[in-house]
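Participant: predicted model and sequence below, questions to follow.
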Amino acid sequence: MIEAQYARFPLRQATRPVVHQGNVHLAGPDLAQPLAPPGLPQQQGKGRMRLQAAGEGRRERDRGRWKGSHDHPPGRGLGLGRKVCFRGLNPGQDVLGVGGETPPGIGELRAAGRPVEQRGPRLPLQCGELLGYGRGRVPERRGGGRDAAAARELPEQPEPAKIEHGIPVLPLAFGEAGLPVPPALREALSAATGRGAYGPVAGLASLRQAAAGYWARRGLPTEAERVVCGPGSKPLLFGLLLAIGGDVAVPKPSWVSYAAQAALLGTQPHFIATPPNEGGIPEPALLARTVKAARAAGREIRSVIVTLPDNPTGTLARPATMQRLCTAAAELDLIIISDEIYRDLMHDPTVPVPSPAIIAPDRTVVTTALSKSLALGGWRIGIARLPGGRHGDALRNRLLGIGSEIWSTPSGPIQQAAAYAFGEPEVLANRIAASGRLHARVARAVADRFVAAGAHVPTPQAAFYLYPDFGPIRDRLHRIHGIGTAADLSVLLLDRYGTGVLPGSAFGDDNPALRLRVATGLLYGTTDAEREQALAAEDPLILPWIASALARLEEVLADLTSSATAYRPGYWPR
Ligand SMILES: Cc1ncc(COP(=O)(O)O)c(C=O)c1O
């Protein structure tokens, strides 16, 4: 049946993105036109899909919805009396995409007029690290030659920006692991620079072999032929969605790119709520109901994505829920895509990760990468483990066809270094274990601050994320600040307090919910030396720069939630 799906849903011609009045649409009659020979059933889809409501919250804010003790628009009064604008940020791996709501103003720090000079001594928590890119390294700002898109990318260098506008910045928006490249890996990469030739589309045999060993050590025996490598797991996920065809079920909330990729492909993401305190997995009974209803309405959901453990919530699905999901997937004939990019960053490494590839091996694809466990997002390498059997063969062939036309092969030197990494030498295994401990310690400390401020926070179990819910103090926040959505709250935190977070609505969460995605991976320091110290520290929380960030967060949350504390220019920083 799965194989038949591929035949029924052939590759389609690309669709054109159209921007109209701030919204992005995919348009064109080609949505309904398969590339493959005519006569096959036509791809579903309306041919037109509203993807984004960019700037909505900003417009609301501009209409003057801000009130309460802060009787000036956010952004005014900061930075020694100058107006500071925050806009236009491309938050990199968490680029807010189609399908979700773009949080307005999660963006580039831009001082109106000339930059505000830093006065007085430098704070232990340095100013302006929200973006992470080095000031003066953005050629566009200096009239330099690079294109606008490149100018909004994440840092080329670990050197942090120093956008000194008078308030310290808490960088809690990026899903970046924030750790230096281990020396052993630098050496492995520099030994591989001679690899100039194209390699196999599926990846070097040595990398596929190493990946097979990596999965076997996690209870997933794998043949090297079942491994497909790509330039990051993101393109592999896109390729998989394209290869499988049809609509996709995704957890609500879930990582921004799943829905965005589906929309780019002209298919529809179906958001399905997760069980309480279990992120990354659609509630199985709801999944079944949604798939049946969608099919009855003429839309064919063919795959479901799970994230183990999860971004944005930092939590892990329970084995019993995974069992039920696999049963539902079998009944509904769905392919399961299990994104396990964070699996090696469990805070308690003895907790097993319930991969659906164990329960439903014939219908599960697993993806992972080195971007998080070894903080190598900029190296761009990902791997996919395809299921065996005829169905798996068909999917693999399609994925390879797509890879061949889009990326040809992942970078040769990176693959060689990645083969070394997936071989898990002791030095790297220790490194990943140390980073897991650091993530756990800091994420929990940050979670504690949100809990103390009155938010409900599902206990973070993995990686460097938490997902506080301000629902319990919604009325108070509305009374003080006049805010009613997570987008409003994230704009307020950024504009007034220099605290960058992402609203849950960017991850498909319900709009009125006051949930935020908080990423802690950029708190470990601003230099490689500081970050190495954080990794090695018995108690990283007492390092001055981490202690300072936590203290600042306490101040921000205390001010945010206290109606007594009116904003006073010059109050921040002390
Ligand atoms: C859940 C999840 N999957 C996949 C990715 C993409 O990672 P990469 O393309 O670097 O492998 C990310 C990055 O933020 C992520 O959070």
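Facilitator: Received it, and whenever you're ready, just let me know what you need. Numbers count the residues shown, from 1 in each chain.
Participant: up against the ligand, what does this protein have?
Facilitator: Neighbours of the ligand within the chain, by CB under 6 Å from any ligand atom: 93, 175, 232-234, 255, 307, 311, 339, 341, 369, 371, 377, 382. Placement of C-beta: from N, CA and C, glycine included.
Participant: possible to save the residues you listed as CSV with distance to Glu530?
Facilitator: Below are the residues of the chain next to the ligand laid out as CSV (distance: CB to CB, whole Å):
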residue, distance to Glu530
Gln93, 22
Gly175, 20
Gly232, 27
Ser233, 28
Lys234, 29
Trp255, 28
Thr307, 30
Asn311, 24
Asp339, 30
Ile341, 25
Ala369, 25
Ser371, 21
Gly377, 19
Gly382, 28
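Participant: in JSON lines, list the residues you listed along with pLDDT and neighbour count.
Facilitator: Formatted as JSON lines, those follow (pLDDT from 0 to 100; neighbours: other CB atoms under 10 Å):
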{"residue": "Gln93", "pLDDT": "44", "neighbour count": "19"}
{"residue": "Gly175", "pLDDT": "94", "neighbour count": "25"}
{"residue": "Gly232", "pLDDT": "98", "neighbour count": "24"}
{"residue": "Ser233", "pLDDT": "98", "neighbour count": "26"}
{"residue": "Lys234", "pLDDT": "98", "neighbour count": "23"}
{"residue": "Trp255", "pLDDT": "98", "neighbour count": "27"}
{"residue": "Thr307", "pLDDT": "98", "neighbour count": "28"}
{"residue": "Asn311", "pLDDT": "98", "neighbour count": "27"}
{"residue": "Asp339", "pLDDT": "98", "neighbour count": "27"}
{"residue": "Ile341", "pLDDT": "98", "neighbour count": "25"}
{"residue": "Ala369", "pLDDT": "98", "neighbour count": "27"}
{"residue": "Ser371", "pLDDT": "98", "neighbour count": "23"}
{"residue": "Gly377", "pLDDT": "97", "neighbour count": "20"}
{"residue": "Gly382", "pLDDT": "98", "neighbour count": "23"}
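Participant: show me the residues you listed that map onto strands.
Facilitator: 307, 339, 369, 382 (DSSP state E).
Participant: wait, doesn't the second one sit right on Asp310?
Facilitator: No: here Asp339 does not reach Asp310: they are 9.1 Å apart, not a contact under CB atoms under 8 Å.
Participant: now the closest residue to Glu424 other than its chain neighbours: how far from the ligand?
Facilitator: Leaving aside its chain neighbours, Glu424 sits nearest to Tyr214 (6.5 Å; criterion: CB to CB, 6 or more residues apart in numbering). Here Tyr214 is placed at a distance of 15 Å from the ligand (CB to the nearest ligand atom, to the nearest Å).
Participant: next: Val518.
Facilitator: Val518 is 14 Å from the ligand, by CB to the nearest ligand atom.
Participant: that residue against Val501, yeah?
Facilitator: Yes: using CB under 8 Å, Val518 makes contact with Val501 at a distance of 5.2 Å.
Participant: please identify every residue contacting each of the two.
Facilitator: Leu172 (CB atoms under 8 Å, 6 or more residues apart in numbering).
Participant: so the two - more neighbours on which side?
Facilitator: Applying other CB atoms under 10 Å to Val518 and Val501 shows that Val518 carries more neighbours, namely 29 against 21.
Participant: and that one, that's in a strand?
Facilitator: Yes: assessed by DSSP: H, G, I helix; E, B strand; the rest coil, Val518 belongs to a strand.
Participant: hmm, Leu535 is touching Arg441, no?
Facilitator: No: Leu535 is beyond contact range of Arg441, at 10.9 Å (criterion: CB under 8 Å).
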